[in-house]
Every structure is written in C-alpha cells, then in structure tokens.
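Novice: Give me a 3D structure for the following:
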Amino acid sequence: MNYSQRIKESVLCKILPPENRGVVDVSREMGIPRETIYNWKRKAEAGILFKDDFGSPLSLGQLERYNLLQEYKVLAQEDIGEWLREKGLHSDHLKLWEQEIKNILSDKTNKIKIENQQLKREKKELERELRRKEKALAEVAALLTLKKKADAIFGVREEE
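Specialist: Residues are numbered from 1 along each chain as shown. Purely as a prediction, here's the structure:
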C-alpha cells in the first residue's frame with residue numbers, strides 16, 4: 001500500500017527523537033505494518049529520499065536545517081505559526097533537527113576528547129623515549145671523553 005508523504009513524516013516524527021516512541025506502539029496506533037515503518041526509519045537515517053518527498057522537510061540537508069533553525073530562533077512568538085506554514089514545517093521537525101545537531105556536536109566533542117587522550121599518550125611515550133636516548137647519548141659522550149683522557153695520560157698505543 002502506498003502511504004502519503006504526510007503519513008510517512010508523521011510516523012517518523014513519532015519514532016525518531018525527540019519523541020522516540022516504539023515502532024510497535026506507533027504501528028498499532030497508525031495501522032501500518034512494523035516492517036514498513038522500519039524501512040522508512042532506515043531510509044530516513046540513511047538520508048535516502050522517498051519517491052514523493054521533494055521539498056519535504058526530511059529532504060533538507062544539514063546546512064539548510066541549521067539555517068532554518070537559526071531563522072526560527074529569532075522569530076517573535078506570534079510569528080512562528082505563520083513562518084512554519086510558509087516553510088511547510090512542523091514544530092516537531094525543528095525539535096528533531098535541534099536534537100540531531102546536539103547529537104552531532106556531542107559525537108564530535110567525544111571524538112576530539114578521545115583523540116586528545118591518544119595524542120597525550122603518544123606524546124608521553126615519545127618524551128620517555130627521547131629522555132632514554134638523551135641518557136644513552138650522554139653516556140656515550142662520557143665514555144668517549146674518558147677514552148680521550150686515558151689515551152692522553154697513558155699515551156696512544158700503536159697497534160702492532
């Protein structure tokens with residue numbers, strides 16, 4: 001059965017953040033098979049557009065979504081409804097996008113922390129290795145100096 005874009009969007013709004021309702025519950029409520037909903041969810045998460053969703057809020061890229069969120073944030077309370085209708089959006093879309101952006105930033109922050117920890121460990125290991133090599137070099141320099149002094153005191157032996 002073919003479902004309209006509005007139904008697909010409505011279902012996706014219910015199962016994706018911020019609502020995060022269970023697919024089974026939404027399936028029972030809407031009368032749509034669970035596998036169909038799971039397919040829509042996979043497509044939405046992968047960024048694959050539905051056949052008839054040109055101009056749909058789900059088809060917008062991350063930059064467009066971010067720009068729309070910025071526009072929304074500066075609107076006066078009484079202008080929000082008109083702006084949403086003009087853009088063909090629902091307030092749930094904005095909540096979802098805001099959560100997605102927060103998740104992306106959180107993931108990047110976590111990746112940066114992990115990378116920093118790894119770089120600190122590598123730096124510590126390199127510094128340890130450098131100290132070891134400096135000690136070895138100092139020891140070789142001391143032995144060379146002692147050899148030169150011994151040769152000066154005892155005279156250089158000529159090999160026969």
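
Novice: which regions of the protein sit below the pLDDT cut-off?
Specialist: Flagging of the chain using pLDDT under 70 yields the residue ranges 1, 47-59, 157-160.

Novice: Domain map for it?
Specialist: 1-59, 61-152 (automatic domain parsing).

Novice: For residue 8, grab the count of nearby residues.
Specialist: For residue 8, the count of nearby residues is 21 (other C-beta atoms under 10 Å). In this view, the C-beta of every residue, glycine as well, is placed from N, C-alpha and C.

Novice: Okay, and the closest residue to it other than its chain neighbours sits in which element?
Specialist: Excluding the flanking residues, the one nearest residue 8 by C-beta to C-beta, 6 or more residues apart in numbering is residue 40, at 5.6 Å. Assigning secondary structure by DSSP states H and E places residue 40 in helix 34-46.

Novice: Could you point out the helix or strand that follows that helix?
Specialist: Helix 34-46 is succeeded, C-terminally, by helix 62-73 (DSSP H and E).

Novice: so where's the longest helix in the protein?
Specialist: Within the chain, and with DSSP state H defining each element, the longest helix by residue count is helix 91-154.

Novice: and the angle for that helix with helix 62-73?
Specialist: 120 degrees (axes from the mean of the first three to the mean of the last three C-alpha atoms, to 10 degrees).

Novice: Could you tell me the angle between helix 91-154 and helix 34-46?
Specialist: Using the same axes, to 10 degrees: helix 91-154 against helix 34-46 is 50 degrees.
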